[in-house]
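1. I would like the atomic coordinates for the input below:
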Amino acid sequence: MNRWIVIALFTAISFVASAQPGHWTPYQTIQSIIIENGIALIVVKGGVPTEYIPTACNQAFNQANLSTEHGKAIYSLALAARMSDTPISMALECSGTRPSIKLIRL
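-> Residues are numbered from 1 along each chain as shown. This next block holds a predicted model:
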């Protein structure tokens, strides 16, 4: 029985340790996508848990720069996920005051 307690504690510690900026967020569905001055703002239902948002960022919207190929690809995948109501997971970094989507997956 002690072995199972150790395994459970290790699993819980591993989960908490991985919950930090730059790591994959939990899967969430997209609530809305807003286009503002060449930036796609992607809002997930319930918001991104704070432990995944870089500390320098203080705004709720996750952004993708539409002037880059990388940003256009993120927007395209986010739009497909929104249209099909498919949950996404993101890895974020800070760009100014908003979290910037570094990676996205379905």
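2. where exactly do the helices run in the chain?
-> Along the chain, counting by DSSP state H, helices occupy 2-18, 69-84.
3. Name the nearest residue to residue 93, sequence neighbours excluded.
-> residue 102 (4.8 Å; CB to CB, 6 or more residues apart in numbering). C-betas here are computed from N, CA, C, even on glycine.
4. for residue 99, which residues make a bridge with it?
-> Bridge pairing for residue 99 (DSSP bridges) gives the partners residue 94.
5. how close does it get to residue 60?
-> 9 Å (CB to CB, to the nearest Å).
6. Please apply the same query to residue 46.
-> 11 Å.
7. between the two, who's got more neighbours?
-> residue 60 (13 against 10; other CB atoms under 10 Å).
8. so how many other residues sit close to the nearest residue to that one once chain neighbours are set aside?
-> Among residues not flanking residue 60 along the chain, residue 47 sits closest, at 6.2 Å (CB to CB, 6+ apart). By other CB under 10 Å, the residues close to residue 47 number 13.
9. got it, and residue 95?
-> Residue 95: 17 neighbours (other CB under 10 Å).
10. pretty sure it contacts residue 63?
-> Yes: here residue 95 reaches residue 63: they are 6.7 Å apart, a contact under CB atoms under 8 Å.
11. still on that earlier bit, weakest of the helices of the chain by average pLDDT?
-> Here the lowest mean pLDDT among the helices of the chain goes to helix 2-18, at a mean of 46.
12. Pull the number of nearby residues for the residue nearest to residue 93.
-> The burial count for residue 102: 15, using other CB under 10 Å.
13. Let me know whether it touches residue 24 as I believe.
-> No: contact criterion CB under 8 Å: residue 102 and residue 24 do not qualify, at 10.4 Å.
14. any shared contact partners between those two?
-> 90, 91 (CB atoms under 8 Å, 6 or more residues apart in numbering).
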